[in-house]
Structures are given as C-alpha cells and as structure tokens.
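Undergrad: Got a sequence here, can you model it:
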Amino acid sequence: ITSLTTENNKLKEDLAFFESLMPSANRPQGITLQNAKIEMAAPGQLRYRALVMQGGKAVRDFSGEMHISLTLVQGGKPVMMEFPDAKAGESAKLKLSFKHYQRIEGQISLPEGASVKNVQMTVLEKGELRAKQAVNL
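TA: Numbering: from 1, shown residues only. Predicted coordinates:
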C-alpha cells in the first residue's frame, strides 16, 4: 500500500507538471518560474532545478538569464554568494533561450563549512526582472 501511495503521489505530481505546460488563455502573459527545487546533493554540493515558462500566447522567443543568490552561514556569520560567478567564467551557465519553456538544472559548489539558509532564483531579460522565487532550506 505504501509503495502504491508513493507511486500515485508521483503520478499526480507529474500530471500537475504536464497540465501546467499546456497552453491556456487563462495563464497570464510573461515569464514564470515553476517547480523550483533546491536540495543538498552531497556535502558542499547544492543541486538546483527549475522550469522557466512563458505564459499566454508566446509571440516571440525569450532570451535572458537566470541568477541564483544564496544566503549562507559560514563560521557563524551570514555570507551572500551569487551564481553564476562572472569572475570565475561561469556567466554562460544559466543563459535562457526558448519559446514556451526551458528546464534548467545543475549543481553549485559551496564554500567549505558553509550551510545554506535561503536561495533566491531570478530571471532577467536585458537586465530587467521577469520572475523571482525564493526557497528556504
């Protein structure tokens, strides 16, 4: 019974995901972040995953980028970390280019001894904010 309940919940989650992809006249125009998930993959490794969607009738391709801001605690002090780090040559990692949706996922290496408290994902188009979502850990 437990196994079937788990499988049923996963199927319901998958159905909700695919229903969210279907075009709808009720869906607002603009860019949205859907199904953002942040989790620790291993010590010092944070895994992120999100679906960036263009709502309403997509009349043009979206071209932009995603930024991830991390609020960490390291050595008892709060620390901010930005990803991708332009200084480290990572700026191309979170480029977005799509008509309807784009799934984006990857891993971020954390500084040694740091623990994540909050993650904020933002989608920008030509420097303007289009979507934002925060996740607490």
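Undergrad: Leaving out the residues flanking it, which one is nearest to the most centrally placed residue in the chain?
TA: Nearest residue to the geometric centre of the chain (C-alpha atoms, centre = their mean): residue 50, 3.5 Å. Nearest residue to residue 50 in three dimensions, chain neighbours excluded: residue 36, at 4.2 Å (C-beta to C-beta, 6 or more residues apart in numbering). Glycine gets a C-beta too; all of them are placed from N, C-alpha and C.
Undergrad: ok, back up a step: please identify which helix or strand holds the residue nearest to the centre of the chain.
TA: Assigned by DSSP states H and E, residue 50 belongs to strand 45-55.
Undergrad: Please name the strands paired to that strand in the sheet, noting orientation.
TA: strand 30-42 (antiparallel), strand 101-109 (antiparallel) (DSSP bridges).
Undergrad: Low-confidence regions, this protein specifically.
TA: 20-29, 56-59, 86, 88-91 (pLDDT under 70).
Undergrad: cutoff 80 now
TA: Of all residues in the chain, those with pLDDT under 80 make up the ranges 16-30, 35, 55-59, 85-93.
Undergrad: residue ranges for the helices of it, please.
TA: Under the criterion DSSP state H, helices of the chain are mapped to 2-21.
Undergrad: Distance check, residue 109 against residue 45.
TA: Look at residue 109 and residue 45: by C-beta to C-beta, to the nearest Å, they are 6 Å apart.
Undergrad: Thanks again, I'm all set now.
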